[in-house]
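Asker: Predicted model and sequence below, questions to follow.
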Amino acid sequence: MAWKFEEKINYRNNKKLNLYKTKKYSIFMKIKIAFVLLSLALFSCNSKQQEKTNTKKEIAQESIKTNKPKDTETTQYQISVYDNPEFTDRILENRKSLKQLSEKQLFSKINAKMTEQLNEKQNHFFKTNPDYELLSFAKGNLFQTNSEDYVFVVYDIKNNKLKFLLFNGATNTYAELFKDIKVENGLDNCGNYSFGTLDYQFAQENLIMNEEAIEINPGYYLEASPLKITDISKDENFLLKDGCFSKKASKANLENTLCISTSPVYNNWDCLKYNKTNNTFLIFYSQAFAD
């Protein structure tokens, strides 16, 4: 009986011990499961956060691609100072002088001399456009289409400014330089600076500053034209070794070049080349004080 009683006690103790171990193991497993679940939750959260970060980066990169400026036109084209409000006050004297020369009938006298030299078609144009007083002109294959093209220097009475009008013989159309056909100044590397675009410079130097010579001889610019459409490599007025070429221009093809005098005293010229691909002119050659 004593043995059985002791065995019974041992049995109860073992049962309690096993129950304790079971509970302890159960708690351990719950903790382990909780840890695994927590780890999975953290991993999932980090994954989602990473996905969001990556998505944001992709969106940002796509936005940069979308908003990145395209290789659009970066060329800086000139605006005639007569049409540029920035210089309105600075050119008041020039406009005033041009108006006075016109009112003194000096331009009309030059116009009469010049239009006599034109063919019937061009003469008709100026008769039907009385607000244009013709001051000089040149003709040649300016637009490189083997046609008879013209460049005209005119005083626009209505708008009180000087203009370069271009006639394209192939298309039978007139266009205004700077306004209708753009001009790029390629002479930044030459170091020469004169205020104003070529229309203003022509008016200032060849008309206003040369008023006395023109009054004496209204046909002055018929004898020594301030405009040329020429091959400057063969024209004796151009001393290419003393001039300056644009880095953007080739020296290989120098025919059909439009050259505009920038001084009635010195052998100074700025020359432009027509670009058929984009219908623009490039000022590509200049010579100053090259006598």
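Answerer: Received, thanks.

Asker: need the strands for the protein, in chain order.
Answerer: 132-140, 149-156, 161-168, 173-176, 182-185, 227-230, 244-245, 257-261, 269-275, 280-287 (DSSP state E).

Asker: Low-confidence regions, the stretch 151-291 of the chain specifically.
Answerer: Scanning the stretch 151-291 of the chain for pLDDT under 70 picks out 192-193, 290-291.

Asker: Kindly recompute the last result at 80.
Answerer: Within the stretch 151-291 of the chain, the segments meeting pLDDT under 80 span 189, 191-193, 289-291.

Asker: Could you tell me which residues make contact with the residue nearest to Asn123 when sequence neighbours are not counted?
Answerer: Among residues not flanking Asn123 along the chain, Thr115 sits closest, at 5.5 Å (CB to CB, 6 or more residues apart in numbering). The way it works is simple: take the backbone N, C-alpha and C, and place the C-beta from them, glycine included. Contacts for Thr115 (CB atoms under 8 Å, 6 or more residues apart in numbering) come out as 122-123, 126-127, 134.

Asker: got it, and Phe137?
Answerer: 114, 117-118, 150-153, 227.

Asker: likewise Tyr274?
Answerer: If you count contacts by CB under 8 Å, 6+ apart, Tyr274 has them with 142-144, 256, 258, 280-281.

Asker: Repeat the analysis, applying 6 Å as the threshold.
Answerer: 143, 281 (CB atoms under 6 Å, 6 or more residues apart in numbering).

Asker: bridging residues for it?
Answerer: With DSSP bridges applied, Tyr274 shows beta-bridge pairing to Phe281.

Asker: related to what we said a few turns ago, can you tell me which of the contacts of Phe137 is nearest Gly186?
Answerer: Among the contacts of Phe137, Val151 lies closest to Gly186 (CB to CB), at 18.9 Å.

Asker: any idea how far Lys96 is from the closest one?
Answerer: 26 Å (CB to CB, to the nearest Å).

Asker: tell me the contacts of Phe143?
Answerer: So Phe143 contacts 149, 168, 274 (CB under 6 Å, 6+ apart).

Asker: export those to a markdown table and tack on distance to Pro264?
Answerer: Below are the contacts of Phe143 laid out as a markdown table (distance: CB to CB, whole Å):
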| residue | distance to Pro264 |
| --- | --- |
| Asp149 | 25 |
| Asn168 | 29 |
| Tyr274 | 25 |
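
Asker: before we move on, the earlier item: adding neighbour count, write the contacts of Phe137 out as a markdown table.
Answerer: Output for those, formatted as a markdown table (neighbours: other CB atoms under 10 Å):
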| residue | neighbour count |
| --- | --- |
| Met114 | 24 |
| Gln117 | 13 |
| Leu118 | 17 |
| Tyr150 | 22 |
| Val151 | 22 |
| Phe152 | 23 |
| Val153 | 26 |
| Leu227 | 23 |
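
Asker: now those as a markdown table including distance to Val81?
Answerer: Listed next are the contacts of Phe137 as a markdown table, based on distance: CB to CB, whole Å:
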| residue | distance to Val81 |
| --- | --- |
| Met114 | 24 |
| Gln117 | 29 |
| Leu118 | 28 |
| Tyr150 | 24 |
| Val151 | 19 |
| Phe152 | 19 |
| Val153 | 16 |
| Leu227 | 19 |
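
Asker: Tally up the residues packed near Lys99, please.
Answerer: 15 (other CB atoms under 10 Å).

Asker: Over to the one 10 residues further on?
Answerer: For Lys109, the neighbour count with other CB under 10 Å is 16.

Asker: Next: Lys247.
Answerer: Neighbours of Lys247 (other CB under 10 Å): 11.

Asker: Quick check: the residue nearest to it when sequence neighbours are not counted vs Asn141, distance?
Answerer: Nearest residue to Lys247 in three dimensions, chain neighbours excluded: Asn189, at 5.3 Å (CB to CB, 6+ apart). Using CB to CB, Asn189 is found at 28 Å from Asn141.

Asker: who has more neighbours, those two?
Answerer: More neighbours surround Asn141 than the other of Asn189 and Asn141, with 16 against 10 (other CB under 10 Å).

Asker: who's in contact with the more buried one?
Answerer: Asn256 are the contacts of Asn141 under CB under 6 Å, 6+ apart.

Asker: For it, give its distance to Ser194.
Answerer: Counting by CB to CB, the gap from Asn141 to Ser194 is 28 Å.

Asker: hmm, back to that, pLDDT at the residue nearest to Asn123, what is it?
Answerer: pLDDT recorded at Thr115 is 96.

Asker: repeat for Ile27
Answerer: At Ile27, the pLDDT recorded in the model is 55.

Asker: Quote the end-to-end distance of stretch 198-207.
Answerer: Terminal residues of stretch 198-207 lie 13 Å apart, using CA to CA, to the nearest Å.
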